[in-house]
Structures are given as C-alpha cells and as structure tokens.
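1. only geometry, no sequence info:
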C-alpha cells in the first residue's frame, strides 16, 4: 500500500441477501460483518487478491443473518477475534455456534477503539436489532464511514459521519416499487418504519447533509433485491445531490455495490 494512502477497502457484498466489507491498513486487515457463507466470503476476498488467513478480526454491526451468517465459521477456522457490543453478542451467540472465549471482544456503542494503526468509532443506529451500531474508520486524517440498516438518520449520526473521504450508504428501496410490490403490508411497514431501512431518497438526502471537501466516493449499499435496482438507486442519489448543488462526477463519484461480487479494491 502506498504510504500516501491510509486504507484499502472493498465492499465484498452488499444487499438484502448478505453483507461483508474488507478494510486494511499497513498493519491490520478487518472484515466488517460476514453475512454470507465462509466459502463465499473466501471467494469474494480472492476477487481482490486477499485471503481469510490474513485477517486480524471481524467487527459485527448487528445480529441479523445477512450480517453474521459466516462469522462463527470464519472465527473458528482462522482463529479470528470477533468484536461486537454486549447486547449484539447476547443476541448473536446462539446463532453462530461456539466461538472461543478469548476470541470474543466487547466494542461498546459510542466508543472509539484503537486497533493497530487505525481508530474505529462506533455509533448507534435505528434498526430492529438488539443494539445495532456502525463504524467510522480513521487513519492519517483520512476516514471511511459505513452506514446501512437504519430507519432514519438522526442529527447525531449526521454529525458523527460528516465529511468522510468515502461512504458506504444505505439505498435499500425505491418507495414506489416497495409500495406496489408483493410484500405483505406488515413487512412493508417494517421496512418503511423508523427501525427499518433508508430509501434511495433518504440515503441521498443524508449524503447531501454530510458530504464535505474530503468526500470523493459514495457507494450505494444494501439494495433490496425485490424493491430496488442499481439504476433507481444511482438516479436518486445523483439527481438529489445535483439538485442540492453538489459536484456529482466532479468533486466526487457515485458507485454501485453488488450482492454477489466484490467491488474493486479502492484506496483513500
């Protein structure tokens, strides 16, 4: 890695079927969530020329299956440390199988963990899980934010995530597709509620508030397979940011993510 760059990052998978992100510095390699099988995550890492044997730890955002499916398998096979807050551990423990006590670590919400040569800030979000939290990563005046799985974005969150170099932001659903789609009304209500998911427009309006001079990359994440398309998500983000007078494709660029294939490794 170039000394001028703080992080290399790949969004290995993002979507309603499974989520995992890889981030590395000179000294540390982390997975954030492992919501696919161990075998699939291994193949996704291989797409960016990385191996699970090289990982130092897994950070978990919350206990939903599309974020923890492979956590136990990877932790056991590669002796990886796993970090989550106490309530997430209590909810996740029965779902991931046996993980050795010395591999289990508490990362409290609202705290900053120094992990090797980076600092990681956790912040709570509004989602129907035990104690969901996401992360901002800092090193050498660079930062990366990941924020998916939240029903709304509070002023506190907006302040916490302001002016990062790159973002993974939720663009879960297109409102009209969801409203007209086949989901039962109870599920639609859950997705649209304060503990559900950000719509394309919600994600774009959040980004409009937090983009700063450092911001160069926005990745659209956690798209619903049934209630969204990459085209809808991108159109909403680009049109709303353009309306707000922000320099889309000039000051910064918007990128897709995929549930089945890793994004190119990018440096910030």
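-> Okay, I see it. Fair warning: this is a prediction, and the values are worked out from it, not measured in the lab.

2. what is the lengthiest helix in the chain packed up against?
-> Longest helix of the chain, by residue count under DSSP state H: helix 230-243. Where contact means 3 or more CB pairs under 8 Å, 6 or more residues apart in numbering; DSSP states H and E, helix 230-243 is packed against helix 200-210, strand 217-221, strand 253-256. Where you see a C-beta, it was placed from the backbone N, CA and C, and this is true even at glycine.

3. do that again at 6 Å, thanks
-> helix 200-210, strand 253-256 (3 or more CB pairs under 6 Å, 6 or more residues apart in numbering; DSSP states H and E).

4. just these: most buried one?
-> Ranked by mean neighbour count under mean count of other CB atoms under 10 Å, the helices and strands packed on helix 230-243 are led by helix 200-210, which reaches a mean of 21.

5. can you give me the angle it makes with strand 217-221?
-> 150 degrees (axes from the mean of the first three to the mean of the last three CA atoms, to 10 degrees).

6. and the residue sitting nearest the centre point of the chain, helix, strand or coil?
-> Centroid-nearest residue in the chain, with CA atoms, centre = their mean: residue 146, separated by 4.2 Å. Here residue 146 is strand, with the state taken from DSSP: H, G, I helix; E, B strand; the rest coil.

7. phi first, then psi, for the closest residue to it other than its chain neighbours.
-> Spatial nearest neighbour of residue 146, excluding adjacent residues (CB to CB, 6 or more residues apart in numbering): residue 168 at 4.3 Å. Here is the backbone geometry of residue 168 (degrees, to the nearest 10): phi -110, psi 110.

8. follow-up on the earlier one: would CSV of the helices and strands packed on helix 230-243 with distance to residue 174 and mean pLDDT be doable?
-> CSV is the format used below for these (distance: least, CB to CB, whole Å; pLDDT from 0 to 100):
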stretch, distance to residue 174, mean pLDDT
helix 200-210, 5, 98
strand 253-256, 15, 98
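
9. what about the ones you listed, which gets the closest to residue 60?
-> helix 200-210 (22.0 Å; CB to CB).

10. confirm that residue 11 sits in a helix.
-> No - in this structure, residue 11 is strand, not part of a helix, as judged by three-state DSSP.

11. neighbours of it, just the number please.
-> 26 (other CB atoms under 10 Å).

12. repeat for the one 5 residues further on
-> Taking other CB under 10 Å as the neighbour definition, residue 16 ends up with a count of 19.

13. and the end-to-end length of stretch 40-54?
-> Stretch 40-54 has an end-to-end distance of 16 Å (criterion: CA to CA, to the nearest Å).

14. again, but for stretch 122-142
-> 16 Å.

15. what mean pLDDT does that stretch get?
-> Mean pLDDT, stretch 122-142: 98.

16. okay, now residue 107: neighbour count?
-> The burial count for residue 107: 22, using other CB under 10 Å.

17. sorry, back to before: which residues touch the residue nearest to residue 146?
-> 11, 146, 219, 221 (CB atoms under 6 Å, 6 or more residues apart in numbering).

18. among the residues you listed, which one sits closest to residue 57?
-> residue 146 (15.4 Å).

19. mind checking the SS state of the nearest residue to residue 209 once chain neighbours are set aside?
-> Spatial nearest neighbour of residue 209, chain neighbours left out: residue 158 (5.3 Å); criterion: CB to CB, 6+ apart. Secondary structure, three-state DSSP: residue 158 is helix.

20. can you start the count at 708 instead of 1 from here on
-> Okay, residue one is now 708; in that scheme the one you just asked about reads as residue 865.

21. residues near residue 865, how many?
-> Neighbours of residue 865 (other CB under 10 Å): 12.

22. what stretches of the stretch 708-857 of the chain score poorly on pLDDT?
-> 708-710 (pLDDT under 70).

23. ok, now with 90
-> Across the stretch 708-857 of the chain, the ranges flagged by pLDDT under 90 are 708-711.
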